[in-house]
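Engineer: Structure of the sequence below:
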Amino acid sequence: MVSVLVDACGWVSLIDAGLNLDISLNEVVGEAELKITAGVRDELDSLSKTRSGLLLDLLYSRSEVIDSEHGHTDDALLALAAQNRWPVLTVDRVLKKRLVEGGCAYIEVTSGPSLRMVEA
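Structural biologist: Numbers count the residues shown, from 1 in each chain. All right, here's what the predicted structure looks like:
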């Protein structure tokens, strides 16, 4: 089983594209175990106040919240990805660039729509 860190914008993009979580991740990494940081959870909770249909109950029931001493969400995702060799589900261009520079992989939603793994 592969652990996958989920960024807030990555989750929103997956939902907006109408992708099936299990099928899409299975095609890219096999069976996945989802991980989110407290910062990502806070971002999604805040976003859900103005936007419905994010399926946060699904994400929260299927993921483990990982603590990080890094304050900023992107810093925490980058540190955890580098430390554990976990890919990050994201569409954030700046974060993707930082991940590649740090030798980390990411999973992005493509216009297909589908998921694609990019390895550094």
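
Engineer: Quick one: residues in contact with stretch 85-95.
Structural biologist: Applying CB atoms under 8 Å, 6 or more residues apart in numbering, the set of residues contacting stretch 85-95 from outside is 2-7, 9-11, 13-14, 29, 35, 74, 77-78, 80-81, 96, 99, 104-109, 115, 117, 119. Where you see a C-beta, it was placed from the backbone N, CA and C, and this is true even at glycine.

Engineer: quick one: buried residues of it?
Structural biologist: Residues of stretch 85-95 classed as buried under the neighbour-count rule (16 or more other CB atoms under 10 Å) are Trp86, Pro87, Val88, Leu89, Thr90, Val91, Asp92, Leu95.

Engineer: and if you look at stretch 62-81?
Structural biologist: By neighbour count with 16+ other CB under 10 Å, stretch 62-81 contains the buried residues Ser63, Ile66, Ser68, Thr73, Asp74, Asp75, Ala76, Leu77, Leu78, Ala79, Leu80, Ala81.

Engineer: C-alpha coordinates for that stretch, CSV please?
Structural biologist: Coordinates of each C-alpha in stretch 62-81 appear next as CSV, following Å, rounded to 0.1, in the frame of the first residue of the first chain:
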residue,chain,number,x,y,z
ARG,A,62,-10.4,7.6,4.7
SER,A,63,-7.3,9.5,5.7
GLU,A,64,-4.9,9.9,8.6
VAL,A,65,-4.1,13.3,10.0
ILE,A,66,-0.3,13.7,10.2
ASP,A,67,1.2,16.3,12.5
SER,A,68,4.1,18.4,11.3
GLU,A,69,6.2,21.0,13.1
HIS,A,70,6.3,23.0,9.9
GLY,A,71,3.8,25.9,10.2
HIS,A,72,2.9,26.6,6.5
THR,A,73,0.9,23.9,4.8
ASP,A,74,3.2,23.6,1.8
ASP,A,75,6.3,23.5,4.0
ALA,A,76,4.7,20.6,6.0
LEU,A,77,3.7,18.7,2.8
LEU,A,78,7.2,19.1,1.3
ALA,A,79,8.9,18.0,4.5
LEU,A,80,6.7,14.9,4.9
ALA,A,81,7.0,14.0,1.3
